[in-house]
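Next input, structure requested:
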Amino acid sequence: MPEIELNTGDRIPHACLICAPSAEAALQKAKELAAAAVCSGTGKKPCGICRDCRKVEAGVHPDVVTIGRLADDKGKKKQNITVDQIRELSADAVVLPNEAARKVYILDEAETMNPAAQNAALKLLEEPPAGVVFLLCATKPMQLLATVRSRCATVKLAGAEADAPSEEAQALASGYLKAVNTLDLAQLFRWCSQNEGIDAQTMAAFLG
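Got it, this is the predicted structure:
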């Protein structure tokens, strides 16, 4: 999906990738959009005064769920959001909302999903349950699979910057362009054969 300028009063797509210069800024925008999604007031949304808006602001709305890296036994955040967390999210997403007309899932530091988690999230984004909104927060969106990014409308906050491709991805692109420019199919086939085993993250950066 394309990058959009999304105000809280606009209709919210089923999936948004919120790119921000800090995790705090991304979460704040996600909270505003979540309030708009569940707002039960009239007129511009979020109204800020209905029961749903007030519960979102207080962080106690049962239909707005935040998923992030879990803490270990020492209270330190783990490195990744795991596939088990996304599977739990998927199971919960098909359950009807408790109070609001919709359910909202906020993925804090979405780029920390491990590859298995990203693939599980991709399936969910491709076939989302009715009445569910996914808000992916990221300061380094290029660490997400290109296929995950393509399923989301991008909301880019001021100061947010996409990650520059890695040196490995740049070298991969350079080699590919050289092979194509030679107009030599044999050389292009050799390039494909040599790079068939590249990892998913490098491939995502190359395709992105």
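
separation between the residue most central in space within the chain and residue 47?
In the chain, the centroid-proximal residue (CA atoms, centre = their mean) is residue 136; its distance is 3.3 Å. Per CB to CB, to the nearest Å, residue 136 is found 25 Å from residue 47. The way it works is simple: take the backbone N, C-alpha and C, and place the C-beta from them, glycine included.

Any idea what the residue nearest to the centre of the chain is bridged to?
With DSSP bridges as the criterion, residue 136 is bridged to residue 17, residue 107.

and residue 21, helix, strand or coil?
coil (DSSP: H, G, I helix; E, B strand; the rest coil).

That one against residue 140, yeah?
No. Using CB atoms under 8 Å, residue 21 makes no contact with residue 140, being 10.8 Å away.

residues of stretch 15-35 that come out buried?
15-20, 25-27, 29-35 (16 or more other CB atoms under 10 Å).

With adjacent residues omitted, what lies nearest to residue 116?
Distance criterion CB to CB, 6 or more residues apart in numbering; nearest residue to residue 116, sequence neighbours excluded, is residue 83 at 3.9 Å.

For residue 12, give me the pLDDT.
The model reports residue 12 with a pLDDT of 85.

That one: neighbour count?
20 (other CB atoms under 10 Å).

And for residue 49?
Considering only other CB under 10 Å, residue 49 is surrounded by 10 other residues.

Mind telling me what element it is part of?
Using DSSP states H and E, residue 49 maps to neither a helix nor a strand.

all strands for this structure, in order.
Taking DSSP state E as the criterion, the chain carries its strands at 3-4, 15-19, 64-67, 103-107, 132-138, 153-156.

Next, the angle from the fourth one to strand 15-19.
Okay, so that is strand 103-107. Relative orientation of strand 103-107 versus strand 15-19 (axes from the mean of the first three to the mean of the last three CA atoms, to 10 degrees): 30 degrees.

Give the other helices and strands that strand 103-107 contacts.
Packing partners of strand 103-107 (3 or more CB pairs under 8 Å, 6 or more residues apart in numbering; DSSP states H and E): helix 23-38, strand 64-67, helix 83-93, strand 132-138.

do the same with the longest one
Applying 3+ CB pairs under 8 Å, 6+ apart, one finds that strand 132-138 makes contact with strand 15-19, helix 23-38, strand 103-107.

quick one: buried residues of it?
132-138.

Poorly predicted segments of this protein, please.
The chain contains residues with pLDDT under 70 at 1-10, 161-177, 179-181, 183-184, 188-189, 191, 195-208.

Let me see the domain layout of it.
3-156, 167-207 (automatic domain parsing).

Can you tell me which of those domains is most buried?
domain 3-156 (a mean of 18; mean count of other CB atoms under 10 Å).

what residues are up against the residue nearest to residue 20 when sequence neighbours are not counted?
Leaving aside its chain neighbours, residue 20 sits nearest to residue 26 (3.7 Å; criterion: CB to CB, 6+ apart). By CB atoms under 8 Å, 6 or more residues apart in numbering, the contact list for residue 26 reads 18-20, 108, 137-139, 157.

With distance to residue 151 as new columns, can the residues you listed be given to me in TSV?
Listed next are the contacts of residue 26 as TSV, based on distance: CB to CB, whole Å:
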residue	distance to residue 151
18	14
19	15
20	19
108	18
137	15
138	14
139	19
157	20
